[in-house]
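1. All I have is the shape, not the residue letters:
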Ligand SMILES: *Cc1c(COP(=O)(O)O)cnc(C)c1O
C-alpha cells in the first residue's frame, strides 16, 4: 500500500475503517463511548498533578482534584470497597505497585502459570515479577483444564508465598475466590485478585466479585469495563494480613514509588466509564456478553471444535485446534484475511512451544458492544468454521463478514 503521504489523521481514519469493517473477537478489547473519547482528548491532557487530591506538588489543581475524587468515589461505589487508587497508567504498573506494597525484593510470590492462562505480571520469568521476586506457579488440572484448589493449596503450603495472585488473562471459567481466600489465610499470604478481564462482568453482575475474599483487587479499565487504557487498585477491608497500612502502602507505591504525574485525562475518562458501568443498560450488556460467549462456544462445538475446559463461564473461549491440523497463528492469520480478528494462544500443557501455540483465543465483549446477539454468534461460528477449512475461500468469507458487520455500525 502506498502511504508515503499519509500523516496521522489519515492513518487514524484508516484504523477507524479497519475497526468498522472487521469482527473483533479479541477478548481484551472493546469500543469506548464518545463521552470516554471526549474526556481522553480534552484539555486535561495539559495538566501536571503529581501527588493526590489535596496534596499536589503543583498549583492549579482545584478542578483536577474534583475530577480525581469523583473517579475514586465512583470506583469505590461500583466495586464496593473502602479504598481506590485510580492513578496507575495501566494494568502492569498497577500490579507492580501491589508487589511494591506487599513484598520485599526476592520474596516468594505465587501466580497462575502463563501457559495455563496467567498474566506476565503474575511471576513470569521474562517480566519484572519473575526477575525481582521468587515466583512459583499453579496451573490447571491436566484432565479438566480447570483450577484444582487442592493442588494450589499444596503448592502454597510448600512454598509459603508472601503474595498470591488470582485472576487470569486466558481462563474461560470462574475463579472460586473463596477457595483462594482459604489458601491465603492458611499460609499467611496477601491475596490479590487481578480482574482485568472480568471487571465489566463483575460490575454488571455477570461474574462473581472477589471483593469479599481478597485484600486487593487490581483491574485494567479498558477491557470488559469499556473505558480508556488505565487501571484501578482497590483495597478491601478483608484484612487477610491484618495490615492496617495496606491502603497507605498502595498509595505510596503508585506515587512516588513508581509513577510521576497521573494522566488526569485518562482518570476523567475512567470516571465516565464507571458512570456508564453503573447503569442498568450496562448490566444488560454484561449479561449479553456472557450469553453470546456461551452461544458462540456451543456453535463452535457443533462444528467439531474442541474448547479448552469444554466451554466457557465468561466472555472468552479458547479453541484447541490440534484436531483441525492448523496452528493457532496460522488460524489467526487466515481469520484476519476473512475479516475476523483474534489472537493465537497456548493451551494448558501445550505440546507446541509458546511461539507456535495450539489455540486461538476468542471473546465477545467488542461484538456485544456493537449490538450483536445470539443469532450473530451462530453466523460467526459458521464463518470461523468455513475460514479454517482447507482451501477456504477467504475473500468470500470476508464479503460475508462485511455484510454482517455493516448492520452494526460503530457509533
Ligand atoms: C491485560 C491484563 C493486565 C495488564 O494490562 P496492561 O494494561 O496491558 O498492562 C494485567 N493482568 C491481567 C490479568 C490482564 O489481563
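-> In hand now; what should we look at? In this text, all values refer to a predicted model and were calculated from it rather than measured experimentally.
2. Read off the pLDDT value for residue 2.
-> As predicted, residue 2 sits at a pLDDT of 62.
3. list the contacts for the residue nearest to residue 394 when sequence neighbours are not counted?
-> Of all residues not flanking residue 394 in the chain, residue 337 sits nearest, at 4.3 Å (CB to CB, 6 or more residues apart in numbering). Placement of C-beta: from N, CA and C, glycine included. Applying CB atoms under 8 Å, 6 or more residues apart in numbering to residue 337 gives the contacts 387, 394, 395, 398.
4. and which of the residues you listed is nearest the ligand?
-> Distance to the ligand, by CB to the nearest ligand atom, is smallest for residue 387 among the contacts of residue 337, at 26.2 Å.
5. right, and the closest one touches residue 340 too?
-> Yes: between residue 387 and residue 340 there is a contact under CB atoms under 8 Å: 6.7 Å.
6. So residue 111 versus the ligand, what's the distance?
-> Distance, residue 111 to the ligand, using CB to the nearest ligand atom, to the nearest Å: 10 Å.
7. where's the residue nearest to residue 394 relative to residue 362, distance?
-> Separation of residue 337 from residue 362 (CB to CB, to the nearest Å) stands at 16 Å.
8. ditto for residue 303
-> Plainly put, residue 303 is 13 Å away from residue 362 if you go by CB to CB.
9. list residues touching both of these two?
-> With CB under 8 Å, 6+ apart as the test, residue 303 and residue 362 both reach residue 384.
10. between those two, who's got more neighbours?
-> residue 362 (30 against 14; other CB atoms under 10 Å).
11. which residues does that one bridge with?
-> residue 317 (DSSP bridges).
12. Surely it touches residue 317?
-> Yes: using CB under 8 Å, residue 362 is in contact with residue 317, at 4.6 Å.
13. anything in contact with each of these two?
-> Common neighbours of residue 362 and residue 317 (CB under 8 Å, 6+ apart) are residue 296.
14. Need the residue closest to the centroid of the protein.
-> Nearest to the geometric centre of the chain sits residue 197, at 2.7 Å (CA atoms, centre = their mean).
15. dump the residue contacts of the residue nearest to that residue when sequence neighbours are not counted.
-> Nearest residue to residue 197, sequence neighbours excluded (CB to CB, 6+ apart): residue 223, at 5.6 Å. Taking CB under 8 Å, 6+ apart, we find residue 223 in contact with 27, 28, 29, 30, 196, 197, 199, 200, 365.
16. Strands of the stretch 51-200 of the chain, start to end?
-> Under the criterion DSSP state E, counting those that start in this stretch, strands of the stretch 51-200 of the chain are mapped to 51-52, 55-56, 83-85, 108-112, 134-138, 163-166, 190-194.
17. per-residue confidence at the residue in the chain positioned nearest to the ligand?
-> Here the residue of the chain nearest the ligand is residue 91; by CB to the nearest ligand atom that distance is 2.3 Å. Listed pLDDT for residue 91 reads 98.
18. now do residue 241
-> Value for residue 241, per-residue pLDDT: 71.
19. Ok, residue 212 next?
-> pLDDT for residue 212: 96.
20. Could you pick out the residues of the stretch 151-300 of the chain near the ligand for me?
-> 167, 168, 169, 194, 196, 197, 220 (CB under 6 Å from any ligand atom).
21. can you tell me which residues contact the nearest residue to residue 278 once chain neighbours are set aside?
-> Counting by CB to CB, 6+ apart, residue 278 lies nearest to residue 78, which is 5.3 Å off, once chain neighbours are set aside. Residue 78 makes contact with 203, 274, 277, 278, according to CB under 8 Å, 6+ apart.
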